[in-house]
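> dropping a prediction and its sequence here:
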Amino acid sequence: MPAMATGNASYSARDLAHVWHPCTQMKDHEVLPMIPIRRGAGVWLEDFEGRRYLDAISSWWVNLFGHANPRINAAVRGQLERLEQVILAGFTHEPVIALSEALTAIAPAGLTRCFYADNGSSAVEVAVKMSFHYWRNVGKSAKRRFITLSNSYHGETLGALAVGNVELYKDIYKPLLMDVITVPSPDCFEREPGESWAEHSRRKFAHMEAALAQHAGETAAVILEPLVQCAGSMRMYDPVYLALLRQACDRHGVHLIADEIAVGFDRTGTMFACEQAGIRPDMMCLSKGLTAGYLPLSAVVTTDSIYSAFYDEYVKLTAFLHSHSFTGNPLACAAARASLDIFRTDDVLDRNRALAAHLGAKARELEAHPHVAEVRQHGMIVAIELVRDKATREPYPWQERRGLTIYRHALSRGVLLRPIGTVVYFMPPYVITPEEIDLIVQVAREGIELATCD
Ligand SMILES: *Cc1c(COP(=O)(O)O)cnc(C)c1O
């Protein structure tokens, strides 16, 4: 049948013959169908047999304004006709200049310098190296360690993996990684009964204060994900932690690196999550939504004071000699600018507030479920934590892979959900409608029923 040759099965077979997929046990695909996607439009993805899937996770948290967004498409197409790529050392181009102006205009005041890379992990590597190197340049070379939170995630390259703390990704590679100082996360799932998020986050800060007091002399920076530890099961905390951290870092002379790779660009209800604490980090890492999910690009936005510590005669060898081939790629910068234009012209933050309120209200209807321990939210990120025993919060054994049941059910109903263990979450593109929100929550509800019925 010639029709079959262009169907999902044919692409799947060709794929599995040669493609090694990210973050995947490939043997799973003996039973789990691969889904080849032919096109996307708005929140919808379409496979080669015409089945559609609502992308409730923004294709791994990157998409902001839908697939094949007409305005971003036009910007990338226009740039493509002019310049696809050029070396960014000694040369520059209009998209990177305009993007840097736009980013520094919306970033917390005082973040004035943009250093580019081409993915999130690389941005974290840049921030880590930049902080270490800064302290060397100012004559404090003892400051070379990093403080990080338990349950944190900063990417997969060795430096980023070292400052992260999700055991599933990190454990096996430990012999390859630099040693870091790990402080308990303010994760509010662990708060005492009756304790508020703010009280819990404030109480947990004592560990950070103690680590800074003990290690400030040997510490270059604290790195953390503001408000939501996304890869760490979407665990969340209160902005007060960030405010306390800013004060403590200033007091102890330690940089604060905010990894806003997942939470930046209004994922949590403000353009950048740090704004909710009224703080300015010393370095802010951006990627994922930076290009509205179109092309790989990342940036570390930092201060004049850090920039100046590298600025000297060449022979002093204080320059930051870090580069990636595709640093500041013009097509990616054009997509990022188009995305920031949409923020500027379309009242995105107000619209998102309304959508987030609707999403949160719908999801909280699941709080009464006997296996739902918590429904939590920061803006357009909503997570539902499942447990075997609601009273004791005993988790399901991970080996049972109950999240996979939810994933498969959702696909059969035309929704892309991708639970992290037994945490079901929604992080949809901002062009989702209230009716589509009702659909993804309904499908999650059915999936949760199915996965917890025994
Ligand atoms: C995804 C992510 C990264 C890594 O970005 P990649 O582009 O996947 O390398 C780093 N930090 C956070 C908080 C992330 O969510």
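Structure's in. What do you need? Residues are numbered from 1 along each chain as shown.

> need the pLDDT of Gly194.
Gly194 is assigned 95 on the pLDDT scale.

> list the contacts of it.
By CB atoms under 8 Å, 6 or more residues apart in numbering, no residues touch Gly194. Backbone N, C-alpha and C define where each C-beta goes, glycine included.

> and it, helix, strand or coil?
Recorded secondary structure, Gly194: coil (DSSP: H, G, I helix; E, B strand; the rest coil).

> need the helices for the stretch 1-150 of the chain, in chain order.
8-18, 58-61, 70-82, 94-106, 120-137 (DSSP state H, counting those that start in this stretch).

> ok and the third one relative to helix 94-106, angle-wise?
To tie it back to what came earlier, the one meant is helix 70-82. Relative orientation of helix 70-82 and helix 94-106, computed by axes from the mean of the first three to the mean of the last three CA atoms, to 10 degrees: 140 degrees.

> spell out which residues of the stretch 251-400 of the chain are next to the ligand.
259, 261-262, 287-288 (CB under 6 Å from any ligand atom).

> tell me which residues of the helix or strand hosting Val301 come out buried.
Following DSSP states H and E, one finds Val301 within strand 298-303. Residues 298-303 are the ones in strand 298-303 that count as buried (16 or more other CB atoms under 10 Å).

> same check, this time on stretch 416-432
Applying 16+ other CB under 10 Å to stretch 416-432 flags 416-420, 422-432 as buried.

> spell out whether that stretch and the ligand are in contact.
No: if you take CB under 6 Å from any ligand atom as the test, stretch 416-432 misses the ligand, and the best it gets is 10.5 Å.

> now that stretch, how far from the centre of its chain.
13 Å (CA atoms, centre = their mean, to the nearest Å).

> quick one: end-to-end distance for that stretch.
Separation of the first and last residues of stretch 416-432 by CA to CA, to the nearest Å is 13 Å.

> now do that stretch, average pLDDT.
Mean predicted confidence for stretch 416-432 is 98.

> cool, and stretch 140-150?
Mean predicted confidence for stretch 140-150 is 98.

> quick one, which of the helices of the stretch 1-150 of the chain is nearest to the ligand?
Closest approach to the ligand among the helices of the stretch 1-150 of the chain (CB to the nearest ligand atom): helix 120-137, 2.0 Å.

> so the closest one versus strand 298-303, what angle?
Using the same axes, to 10 degrees: helix 120-137 against strand 298-303 is 30 degrees.

> got the domain ranges for the protein?
35-68+348-451, 73-345 (automatic domain parsing).

> how far does the worst-scoring helix or strand of the chain on mean pLDDT sit from its chain's centre?
Lowest on mean pLDDT, DSSP states H and E among the helices and strands of the chain sits helix 167-170, with a mean of 90. A distance of 17 Å separates the centroid of the chain from that of helix 167-170, by CA atoms, centre = their mean.

> now do whichever helix or strand comes after that helix: everything it contacts.
Downstream of helix 167-170, the first helix or strand assigned by DSSP H and E is strand 181-183. The contact list for strand 181-183 (CB under 8 Å, 6+ apart) reads 145-150, 165, 207-208, 211, 215, 219.

> name the strands paired with strand 181-183 and say parallel or antiparallel.
strand 145-149 (parallel) (DSSP bridges).

> and the strand it pairs with with the ligand, contact?
No: applying CB under 6 Å from any ligand atom, one finds strand 145-149 out of contact with the ligand, separated by at least 11.3 Å.

> export whichever helix or strand comes after that strand as CSV, just CAs?
Next helix or strand after strand 145-149 toward the C-terminus (DSSP H and E): helix 158-163. Provided in CSV are the C-alpha atoms of helix 158-163 (Å, rounded to 0.1, in the frame of the first residue of the first chain):
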residue,chain,number,x,y,z
LEU,A,158,30.1,18.6,32.6
GLY,A,159,30.2,22.0,34.3
ALA,A,160,26.5,22.4,34.2
LEU,A,161,25.9,18.9,35.4
ALA,A,162,28.3,19.5,38.3
VAL,A,163,26.4,22.5,39.6
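
> check which helices and strands helix 158-163 sits against.
helix 120-137, strand 145-149 (3 or more CB pairs under 8 Å, 6 or more residues apart in numbering; DSSP states H and E).

> what about the longest one, distance to the chain center?
Spelled out, that is helix 120-137. 19 Å.

> can you check the shortest one too?
For strand 145-149, the distance between its averaged C-alpha position and the chain's averaged C-alpha position is 19 Å (CA atoms, centre = their mean).

> ok, residues contacting it?
With CB under 8 Å, 6+ apart, strand 145-149 has contacts from 128, 131, 154, 162-165, 178-186, 208, 211-212, 215, 218-225, 229, 254.
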